[in-house]
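Undergrad: With the input below, show me the fold.
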Amino acid sequence: MTIRVKGWCGGGLSVAPSLALLAAIVGMTAGGIAARGDAQAQQPACRGDSGGLTLSPGFCATIFADNLGHVRHLVAAPDGTLYANTWSGRYFPNAPPPPGGFLIALKDTTGAGRADVVQRFGVTLEAGGTGGSGIALYHDALFAEENGRILRYPLAPGTALPIGPPTVVLSGLPLTGDHPMHPFAIDAKGELFVDLGSATNSCQFQNRIPNSPGHNPCTEKETRGGTWRYDANKTGQVFSPKERFVSGLRNGEGFAFDDAGRLFATQHGRDQLFQNWPRFYTAAQSADLPAEELVQLVPGADYGWPECYYDQEQNKLVLAPEYGGDGKAIGVCAHRQAPVAAYPGHWAPNDLAIYHGTRFPEGYRGGAFIAFHGSWNRAPLPQGGYNVVFQPLADGKASSPFVVFADGFAGAYKDPGRAAFRPTGLAEGPDGALYVSDDVHGRIWRITYNGDGSDKVAAAPAPAFVAIEPGLAAPPEGTHPDAGRSTPALPTPPDDSMGQVALGDRIFHGEASDGTCSGCHGSNAGGSTVGPPLNSGHWLWSDGSLPGLTLTIENGVAHPKQYQGVMPPLGGAPLSPRDVAAVAAYVWAVGHAGKP
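TA: Residues are numbered from 1 along each chain as shown. Predicted coordinates for the structure are as follows:
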């Protein structure tokens, strides 16, 4: 399927995109045929509002493409064609993809900073496909993850689309549990590195349930929670435990090679320290622990999960409570691999790109960009992430602290259910531009540098979520989207009071009793990829009555029917019977608000 749209410079375009001699292109990085960014193409002038983003000094952005479905990872070809993989798995249960295949080829033929040709191909929803995250170029082919497989699509000079059907390079990748996606990277020799995220939060006997110990040993690590290595030059490979390259990565997601050929990956830290182990952690500690990580992958190394996690406040790996830890003990963690750099907890690093080009100022060259998808479980603190950060690197190590490079993706609400956009994928183009994808509405931004080269690495301005009238002081509660909000007008359950509903509202939003409900169900109770909506009047675990809702809150949901989020009893919070009654009243009210 090909879509031709009007370019920003006017006029209808009818362009056949071309893919220049993939196998013969020079300037290959250690990641195969990924773009170098050395081209001397003229940068376009910075237009408008940079697509709603705030950026580090000297940078600007255009909206390269929009409304593409749930765009995950990206890769750019040497001729400028951008490829994207999209996904429609159970993380997106209520949003079918646009018609056509899950893979997309995009091309800007006018230099306007926007794709004027968009072509969809690959496995379709009608054929049973679900798409995926991982995508890469190697030699004369495009490789893409699709429903537990990695497929190879042959390419040829002169066309961006495959010249034949795909072949299966690898199959049998596990799809169960908390992390069913399989991002990957390919080096110059064709070594194929595949992430297999964990099936559980911390390898407990009962996943995400309070005080449940961890399996010891964690046999899940035999097939999950690490990086596996295969050969991109071969077809018909089948997943097995023996190809494991490293272990102890709960959910790797992002991969990138530096100029020396070193392979780096991101690490999603575990969840629910306070909710599952309240005798060791406060809610505030759990909101920012453990760190998200950038690690260098060394063959045979173990990065700690599930026995250990990285505490960025103590700057060390510590023993997890499921394995006898108390937030301070080290134990076996003394022999696990520490990260290259650490970041605030629960920001969710979903992709990684190391900058190889010369178009960005000197301080950015060789450093790492990380796309943070955004948190769901930082209650009672405001949600975090929903940005792209830059991490300076030198000789494989962090050379200075990270800065937020691009912000404003979430819009007014840093909340998984209401964020306008969530950064997911990164790619460097052959002209040195940086592409960033979003998996909410399927937007892709193109970020370029338009300064004189003298700009130093510096943080982007904070987005202006709340407008302040001239001459007025900022509100004392700050500008968090939910700060100072009032309880909306809601119906009252039988024999209950509006005061009870208001208390439940505050607990739901983490403003009382260390409640955590909004982290999974969204601040507007409209649901997220983790937990179902509560404002639809449709109930998965009860008849929606006050007694039924109360029982579900008390017992939790150990085995979800449709969503990936396990709910511990009481939501993992220290709720009293009075608190439970209030939350049930609020959920009942939200669920009945739209009924006549």
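Undergrad: quick one: contacts for Thr124?
TA: Counting by Cβ atoms under 8 Å, 6 or more residues apart in numbering, Thr124 makes contact with 99-102. For glycine as for every other residue, the C-beta is placed from the backbone atoms N, C-alpha and C.
Undergrad: Take these and, keeping just the buried ones, write it as a PyMOL select command.
TA: To isolate the buried ones among the contacts of Thr124 in PyMOL, judged by 16 or more other Cβ atoms under 10 Å, type:
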select buried, resi 100+101+102
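Undergrad: and the contacts of Thr124 as TSV, adding secondary structure, pLDDT and distance to Gly51?
TA: Formatted as TSV, the contacts of Thr124 follow (DSSP: H, G, I helix; E, B strand; the rest coil; pLDDT from 0 to 100; distance: Cβ to Cβ, whole Å):
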residue	secondary structure	pLDDT	distance to Gly51
Pro99	coil	89	25
Gly100	coil	92	24
Gly101	strand	95	26
Phe102	strand	96	24
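Undergrad: Let's verify Gly417: helix, strand, or coil?
TA: Classification of Gly417 using DSSP: H, G, I helix; E, B strand; the rest coil returns coil.
Undergrad: How about Asn85?
TA: Judged by three-state DSSP, the three-state class of Asn85 is strand.
Undergrad: any idea how far it is from Phe372?
TA: 19 Å (Cβ to Cβ, to the nearest Å).
Undergrad: got it, and Ala464?
TA: 20 Å.
Undergrad: The residue of the chain most remote from its centre: which element?
TA: Of all residues in the chain, Asp495 has its C-alpha farthest from the mean position, at 43.5 Å, by Cα atoms, centre = their mean. Counting by DSSP states H and E, no helix or strand carries Asp495.
Undergrad: Equivalent analysis for Phe274, please.
TA: Per DSSP H and E: helix 273-276 holds Phe274.
Undergrad: If you count contacts, what does that helix end up packed against?
TA: Here helix 273-276 touches helix 283-288, going by 3 or more Cβ pairs under 8 Å, 6 or more residues apart in numbering; DSSP states H and E.
Undergrad: So which residues make contact with the helix it packs on?
TA: Residues contacting helix 283-288 (Cβ under 8 Å, 6+ apart): 272-275, 313, 327, 344-346, 377-381, 514, 516, 573.
Undergrad: Also stretch 197-208?
TA: Residues outside stretch 197-208 that contact it (Cβ under 8 Å, 6+ apart) are 174, 176-181, 212-215, 218, 220-221, 224-225, 249-253, 268, 270-272, 275-276, 305-306, 320, 322, 558, 566-568, 572.
Undergrad: pLDDT averaged over the one helix or strand Ala136 maps to - what is it?
TA: For Ala136, the element it lies in under DSSP H and E is strand 135-138. Mean pLDDT, strand 135-138: 98.
Undergrad: Packing partners of the next helix or strand after it?
TA: Sequence-wise, the next helix or strand beyond strand 135-138 is strand 141-146, with elements assigned using DSSP H and E. Here strand 141-146 touches strand 82-86, strand 101-107, strand 117-124, strand 135-138, strand 149-154, strand 184-186, going by 3+ Cβ pairs under 8 Å, 6+ apart.
Undergrad: quick one, strand 141-146 and strand 101-107 angle?
TA: 140 degrees (axes from the mean of the first three to the mean of the last three Cα atoms, to 10 degrees).
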